[in-house]
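Enquirer: Prediction below, plus the sequence it came from.
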Amino acid sequence: MSDVIAQIEGRIGCLTLNRPKALNALSLDMVRSITAALLAWQTDPQVLAVAVRGSNKEGPFGAFCAGGDIRFFHQAATTGDPRLEDFFTEEYQLNHLIHTYPKPYVALMDGIVMGGGMGISQGASVRVVTERSKMAMPETNIGLFPDVGGGYFLSRCPGHLGEYLGLTGHMLNGEEAVHAGLADGYMTSGKLAHLWQTLIDTPFENGEAVERWVITQFDRLQKTGLENRAQMDAAFAQGSVVEILHQLESAADDWSKLTAQTLRTRSPLMLHVVLAQIRRARKLSLADDLRMERDLVRHCFALRPVAQSETVEGIRALAIDKDHKPRWHPARAEDVNVEEVAAFFDSPWPAHAHPLRALS
C-alpha cells in the first residue's frame, strides 16, 4: 500500500497519509505524491475541493503527520546524499502550492501535527483540530528552525506568541491551536469519519459550499484564550535571546522558570537564528519567507561541516543514539557570536539561480 493514498471520491480529492508506523513522517516520495495529486486536481473540473487526513495503526485519523523524516535527514547529511537538497526544495514548493491553492483545501489535523505536518496544513483554507491534536514546531529541539513556512505563519500569530512557539517548540492542544490562530475550528474526533464520508457523498454545487458546510460542523470552544499570554508577550518581546532568558530567569512564577529551563536545553545558536527568522518573516511574503528558509536549511546541513552542524548533532542525540545529550556549540546563549547568526541569512545562491526562484 502506498504511503499516500490519493483518489477522487464524489467531488472531493481525498488525500490520506498512510505511513502510520512513522506517524506519517514525510519522505521525498510522499512529498512528490501529494504534489502530483494537487497539481492534477487543481484543473480537474470534477474536483471541487481537497481533503487531507492522516492514519494510525488502527485506520484513518488518530495521527496527522509528525514532520519530515529526520532519520533520513541524518543519514543523507552524513553521507552526502543529494536527495536531501531535493527534499527541502520540493517540500517548500508543496507548502507554497497549498497556501496558494485555487480550490478549498480542508486539513483534518487529528493527532500529532508537527513540523512538516504543519507545512501541509497551515496553508489550508479550513484547518480542523480535535481533542487529540498535538501541534508544535519543535525544531529547536534538534538544532533546526521552524521551516515549511514556519517563519511566515508563526510570525502572524497574535502578539509574540510566534516567538514563544518557535523558540520553545511548545505543544498546543486543539483548542489552544484555535486561540493561537493556527486552526480555524475544533470538533470532537468522533465526528471525523462521518464528516469525511459526508464530504464524499454530498452533491455540493461548488467549492465554497464545501467550505461552508465543514465550518458548520465546528464545536464551541470551552476556553476563552491561552493561559500565560501576558507573560509570553512580555518575555518574548525582548530584543534578543539573552534578554528573553534574563526576563524569564529573573521572574518568580513557575511558568517563567519552566520556560527558561526549556530554552536552556535548546541549541543556543539556533535560538538566535530562529528569533531573527521569525522577526524577519513578519515583513516577508510567503514566497520570500520560503526562499529565506531554503537558504537557512542549506546553511544547517550543507555549508557547515557535518561535525559542526547543530542539526546533525541534534538529530543524533534525539533519534539516532537517543542519549538526549546534544553537544551544542556554543553551549550557552550568552556565548553565541552575532556574526555567525547573521551568516545564516546570506543566500548561497544568486537570485536568478535560487531553487525557489519561481515562487510568487
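Expert: Yes, it's here.

Enquirer: can we go C-alpha only for contacts and neighbour counts from here?
Expert: Will do.

Enquirer: What count of nearby residues applies to residue 28?
Expert: Neighbourhood size, residue 28 [other C-alpha atoms under 10 Å]: 17.

Enquirer: Residue 87 is in contact with that one, correct?
Expert: Yes - counting by C-alpha atoms under 8 Å, residue 28 touches residue 87, with 5.3 Å between them.

Enquirer: mind listing the strands for the stretch 201-350 of the chain?
Expert: Here the stretch 201-350 of the chain has no strands by DSSP state E, counting those that start in this stretch.

Enquirer: Show me where it has its helices.
Expert: Remark: helices assigned in the stretch 201-350 of the chain by DSSP state H, counting those that start in this stretch are 207-216, 229-236, 241-249, 254-265, 268-281, 286-298, 310-315, 338-343.

Enquirer: Report the distance from the second one to the chain centre.
Expert: Just to be clear, that refers to helix 229-236. Here helix 229-236 shows a centroid-to-chain-centroid distance of 22 Å under the convention C-alpha atoms, centre = their mean, to the nearest Å.

Enquirer: quick one: contacts of that helix?
Expert: 159, 160, 161, 163, 164, 244, 247, 248, 256 (C-alpha atoms under 8 Å, 6 or more residues apart in numbering).

Enquirer: which one in the chain is furthest away from the centre?
Expert: Largest separation from the mean C-alpha position in the chain: residue 203, at 33.1 Å (C-alpha atoms, centre = their mean).

Enquirer: Next, find the distance separating that residue from residue 225.
Expert: Distance, residue 203 to residue 225, by C-alpha to C-alpha, to the nearest Å: 37 Å.

Enquirer: Residue 349 now?
Expert: Distance of residue 349 to residue 225, computed by C-alpha to C-alpha: 43 Å.

Enquirer: ok, now residue 103?
Expert: 31 Å.

Enquirer: who has more neighbours, these two?
Expert: The neighbour comparison of residue 103 against residue 225 (other C-alpha under 10 Å) goes to residue 103, with 21 against 14.

Enquirer: Phi and psi next, for the nearest residue to the more buried one once chain neighbours are set aside.
Expert: Nearest residue to residue 103, sequence neighbours excluded (C-alpha to C-alpha, 6 or more residues apart in numbering): residue 49, at 5.5 Å. Main-chain torsions, residue 49, degrees, to the nearest 10: phi -160, psi 160.

Enquirer: residues touching residue 49, list them.
Expert: Applying C-alpha under 8 Å, 6+ apart, the residues near residue 49 are 11, 12, 13, 103, 104, 105, 106, 207, 210.

Enquirer: Show the contacting residues for the last one.
Expert: I take that to be residue 210. By C-alpha under 8 Å, 6+ apart, the residues touching residue 210 are 48, 49, 104, 199, 204.

Enquirer: Then the second one?
Expert: If a contact means C-alpha under 8 Å, 6+ apart, then residue 12 has 46, 47, 48, 49, 50, 51, 199, 200 as its contacts.

Enquirer: Mind checking which of those residues are buried?
Expert: 47, 48, 49, 50, 51, 199, 200 (16 or more other C-alpha atoms under 10 Å).

Enquirer: Now the two most distant members of those.
Expert: In the buried ones among the contacts of residue 12, two members sit farther apart than any others by C-alpha to C-alpha. They are 47 and 199, at 11.7 Å.

Enquirer: out of the helices of the stretch 201-350 of the chain, deepest packed?
Expert: When you average the neighbours per residue for each of those (mean count of other C-alpha atoms under 10 Å), helix 310-315 leads with a mean of 26.

Enquirer: about what we covered before: tell me the one of the contacts of residue 210 nearest residue 135?
Expert: Residue 135 has its nearest neighbour among those in residue 104, at 21.9 Å by C-alpha to C-alpha.

Enquirer: what's the distance between that closest one and residue 152?
Expert: In this view, residue 104 and residue 152 are 20 Å apart by C-alpha to C-alpha.

Enquirer: my read: residue 278 touches residue 155, true?
Expert: Yes - counting by C-alpha under 8 Å, residue 278 does reach residue 155; the two are 5.4 Å apart.

Enquirer: Mutual contacts of the two, please.
Expert: Taking C-alpha under 8 Å, 6+ apart as the contact rule, residue 278 and residue 155 both touch 162, 163.

Enquirer: Quick one: residues contacting the nearest residue to residue 184 once chain neighbours are set aside.
Expert: Nearest non-adjacent residue to residue 184, counting by C-alpha to C-alpha, 6+ apart: residue 127, 5.1 Å away. Taking C-alpha under 8 Å, 6+ apart as the criterion, residue 127 is in contact with 106, 107, 108, 109, 121, 182, 183, 184, 185.

Enquirer: now residue 302
Expert: Residue 302 makes contacts with residue 77, as judged by C-alpha under 8 Å, 6+ apart.
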